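K.L.:
kindly generate the corresponding structure for this input.
(4 chains)
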There are 2 protein chains.
Amino acid sequence: MTAERAYHHGDLPRAVLTAALDVIAAEGPAALSLRGLARRAGVSHAAPAHHFGDRAGLLTAIATEGYGLLSAILGETEGPRDLGIRYVRFAIAHPAHFQVMFRPELLRPDDPELLAARERTRSRLRAAVAGYADDPAVGFMAAWSMAHGFASLLISRNLDGLLGGQDPEETFRALTGEMFRPPQDSATG
Amino acid sequence: MTAERAYHHGDLPRAVLTAALDVIAAEGPAALSLRGLARRAGVSHAAPAHHFGDRAGLLTAIATEGYGLLSAILGETEGPRDLGIRYVRFAIAHPAHFQVMFRPELLRPDDPELLAARERTRSRLRAAVAGYADDPAVGFMAAWSMAHGFASLLISRNLDGLLGGQDPEETFRALTGEMFRPPQDSATG
DNA sequence: CTCACATCTTGTCGTTGACTAGATTGACAC
DNA sequence: GTGTCAATCTAGTCAACGACAAGATGTGAG
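P.N.:
Numbers count the residues shown, from 1 in each chain, chains lettered A, B, ... in the order given. Just a heads-up that it's a prediction; the model follows:
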């Protein structure tokens, strides 16, 4: 059992990342401590910093990974409704990533990888609603707001007791039924 | 100048609250430090804790105040569109309150004043959309999601560069135009 | 005047993030 | 094999923080 306490961890960055996602999903980013993560991974208190620089670096890595995961889930999304459903599905599947991605004050604001990943994701979001609204920019923000609002309230547990035990994704489908009415004869792309 | 360093501050709770709102609006709740607020107010490092107990107590007081402010702005709201506009107006006018209100992990979760204020606000939100949707619960969540998503993205600066210099409230009006179509003949309250 | 109470100060403890210097390890050239 | 070097991790330190306890100071009721 050389694994008892090997000098080299094997994949410390991944171990720290995973532990961080656990903590964030359970208690939010505020409860995150680099030293706590080091303890979980069985390494010294300064080891995580070697890979991520500092707290903001770790959270930036999580956010970047999150944009990648969201991009993957979006895939070839078609229309604002599909966009919303996939967006909500992402938030449920990766709540820790979701919580970090939209808090710039916790991140390295000009990290190039983060900016690139974010832009790739936004392009997919824009593409998904292109052709489904009179003004693409407005349609994009509308669909995004709707999806982001529901996902945010859901993840922050502000909808507890309002879903009536129903599957959140199903509830969101009902919401979009209320909102994204199918175009009624009149021209709507 | 007895004010130079009076033993009693006069209204330390309000001074701490105001300083906290400043910090949160500028750098987010994570940057908040009780000792920093004490320095700003010119009191000792333990003085704020006397009034709010601890960090969570201070943030709970802010959230409670926020629900009161939102209730006031909602007033006699009529319909989902009006709800959204007022909600966004609140988030712009009181960004610090807004940021704290929806992070239960930062608050005392069962504070009675907080729960009461939150319930009063939710009642107003529900009442605003009653009669404007086939299913009131669904209509409520739909309008709330839309407004909350836009407000969240706006306050977290995730819409920077997407508004084209336009007034955010005006942009939100455009969004609702895309979403909340006026009822077309068919019965919609 | 005095006494109870609210308010604020001072001092302390354990924890954290950040930084520095140094030890250990693995990989690669030769 | 052997030496060398960079990557990885450890150990030690410092300032700042939240929380707590004990004491000082002002305030107001009687």
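K.L.:
so for the helix or strand containing A:Gly84, mean pLDDT?
P.N.:
Using DSSP states H and E, A:Gly84 maps to helix A:79-93. Helix A:79-93 shows a mean pLDDT of 97.
K.L.:
show me what that helix packs onto, helices and strands only.
P.N.:
Packing partners of helix A:79-93 (3 or more CB pairs under 8 Å, 6 or more residues apart in numbering or on different chains; DSSP states H and E): helix A:55-74, helix A:112-129, helix A:136-155, helix A:168-179. Using the backbone N, CA and C atoms, a C-beta is placed for each residue, glycine as well.
K.L.:
residues from chain A in reach of DNA strand D?
P.N.:
Proximity of chain A to DNA strand D (CB under 7 Å from any atom of the strand) is limited to residues A:7-10, A:12, A:38, A:43-47, A:50-51.
K.L.:
quick check: the most centrally placed residue in chain A vs DNA strand C, distance?
P.N.:
In chain A, the C-alpha closest to the average C-alpha coordinate belongs to A:Phe98, at a distance of 2.6 Å (CA atoms, centre = their mean). Separation of A:Phe98 from DNA strand C (CB to the nearest atom of the strand, to the nearest Å) stands at 21 Å.
K.L.:
any idea how far A:Pro29 is from that residue?
P.N.:
In this view, A:Phe98 and A:Pro29 are 11 Å apart by CB to CB, to the nearest Å.
K.L.:
report the residue spans of chain A with pLDDT below the cut-off.
P.N.:
Low-confidence segments of chain A (pLDDT under 70): A:1-7, A:178-189.
K.L.:
any chance of the residues of chain A next to DNA strand D in TSV, plus secondary structure?
P.N.:
Below are the residues of chain A next to DNA strand D laid out as TSV (DSSP: H, G, I helix; E, B strand; the rest coil):
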residue	secondary structure
A:Tyr7	coil
A:His8	coil
A:His9	coil
A:Gly10	coil
A:Leu12	helix
A:Ala38	helix
A:Val43	coil
A:Ser44	coil
A:His45	coil
A:Ala46	coil
A:Ala47	helix
A:His50	helix
A:His51	helix
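K.L.:
save the residues you listed as JSON lines, and put in neighbour count too.
P.N.:
Listed next are these as JSON lines, based on neighbours: other CB atoms under 10 Å in any protein chain shown:
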{"residue": "A:Tyr7", "neighbour count": "6"}
{"residue": "A:His8", "neighbour count": "7"}
{"residue": "A:His9", "neighbour count": "16"}
{"residue": "A:Gly10", "neighbour count": "8"}
{"residue": "A:Leu12", "neighbour count": "18"}
{"residue": "A:Ala38", "neighbour count": "20"}
{"residue": "A:Val43", "neighbour count": "19"}
{"residue": "A:Ser44", "neighbour count": "11"}
{"residue": "A:His45", "neighbour count": "13"}
{"residue": "A:Ala46", "neighbour count": "10"}
{"residue": "A:Ala47", "neighbour count": "17"}
{"residue": "A:His50", "neighbour count": "11"}
{"residue": "A:His51", "neighbour count": "14"}
